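> Prediction below, plus the sequence it came from.
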Amino acid sequence: MAGDGKHENESIWDSAAPGWAKWESALMGAAAEATEQMLDAANVEMGMKVLDLACGAGSQTIQAAKRVGPTGRVVANDIAKKMLIFAKSNAADAGLSNVETLHGPAEDLSESGLRVDAATCRLGLMLFQSPQDALAAVRSVLVENGRLAVLVVASPQDNLLFSKTMMIALKHAGKTPPPPGSPGLFALSDPARLENLFQAAGYIDTRVEQVVARMSIASVGDALTMMQEAFGAYRAVLADLDDEKRDVAWTEIRDCIGQFSGQGGVNADMTFLLASGTNPPN
């Protein structure tokens, strides 16, 4: 791995790994249908070898592994070694033996010697140091006519729970939202820019569509704990604050979460962009 930014990302996500593993099913269970749409967009079928980028604790890896079946393979890739431990363990707990892991940043995939039939990335690309380099690296390991499909967070206006709480975190940290091209929750929320990145990396037959999921968390306290324990993006923003200032920030974030709370707990729409493209034949 090259670059201090990559090492910093690895540290942040390693520290978030236990929390993400704990909360992934609660958070991403609502995204199971969107994940299936992502697998459809990547043309994932029985018997394929599939690369799953930024696999986290592996819930989408498991969906892919079930789809490719025992004759297929899924390579779960993440920058955080601890995430890969959870992904491998969760796959085994699901009775799957067709999942292997690959540690390292997506931008370095071209050095891996990997060859896959399809690739996916659920809610990771917008946090990468260089999405275009990552897209190009994925294309270098895709077979001809193989497809890559990714889910990223759509516009702040379409994800008010996350945009409002992130603005509070940024305010307390004395930071401004990352400019376009910098890693961040909404870094790839512009559909035109996202499609342009695919095309600049050499993909053809590119498509971008909007996908909506409904997140439900039992209580405001649970939603706050989930953000604190699992969300590396928030942890990164608040990392430089002392404990007292960080507590003040989280208290205001809790109050904001309360705006989305009702009898059924905390409920909020999560809107994603589903982008895909094909590696052209030589």
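Sure, I can see it. Numbers count the residues shown, from 1 in each chain.
> contacting residues for the most centrally placed residue in the chain?
Per C-alpha atoms, centre = their mean, the C-alpha nearest to the average position across the chain is that of residue 123, at 2.3 Å. Listed by C-beta atoms under 8 Å, 6 or more residues apart in numbering, the contact partners of residue 123 are 31, 54, 151, 152, 153, 272. Placement of C-beta: from N, CA and C, glycine included.
> Can you flag the buried ones in these?
The neighbour-count test (16 or more other C-beta atoms under 10 Å) marks 31, 54, 151, 152, 153, 272 as buried among these.
> Grab the nearest non-local neighbour of residue 226.
Excluding its sequence neighbours, the residue lying closest to residue 226 (C-beta to C-beta, 6 or more residues apart in numbering) is residue 23, at 4.4 Å.
> Could you measure from the one you found over to residue 47?
Shown here: residue 23 relative to residue 47, a distance of 33 Å by C-beta to C-beta, to the nearest Å.
> still on that earlier bit, for the contacts of residue 123, please prepare a markdown table with the additional fields distance to residue 89, secondary structure and pLDDT.
Putting the contacts of residue 123 into a markdown table (distance: C-beta to C-beta, whole Å; DSSP: H, G, I helix; E, B strand; the rest coil; pLDDT from 0 to 100) gives the following:
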| residue | distance to residue 89 | secondary structure | pLDDT |
| --- | --- | --- | --- |
| 31 | 21 | helix | 86 |
| 54 | 18 | coil | 94 |
| 151 | 23 | strand | 97 |
| 152 | 27 | strand | 96 |
| 153 | 27 | strand | 94 |
| 272 | 26 | strand | 96 |
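> Got phi/psi on residue 96?
Main-chain torsions, residue 96, degrees, to the nearest 10: phi -100, psi 130.
> Show me the helices in the protein, by range?
4-28, 32-41, 59-68, 81-93, 131-141, 160-173, 191-200, 220-230, 232-238, 243-257 (DSSP state H).
> closest to residue 264 out of these?
Judged by C-beta to C-beta, the one of the helices of the chain that comes nearest to residue 264 is helix 220-230, at 12.2 Å.
> now that closest one: mean pLDDT?
Averaging pLDDT along helix 220-230 yields 91.
> averaging pLDDT over each of the helices of the chain, which comes out lowest?
helix 4-28 (a mean of 69).
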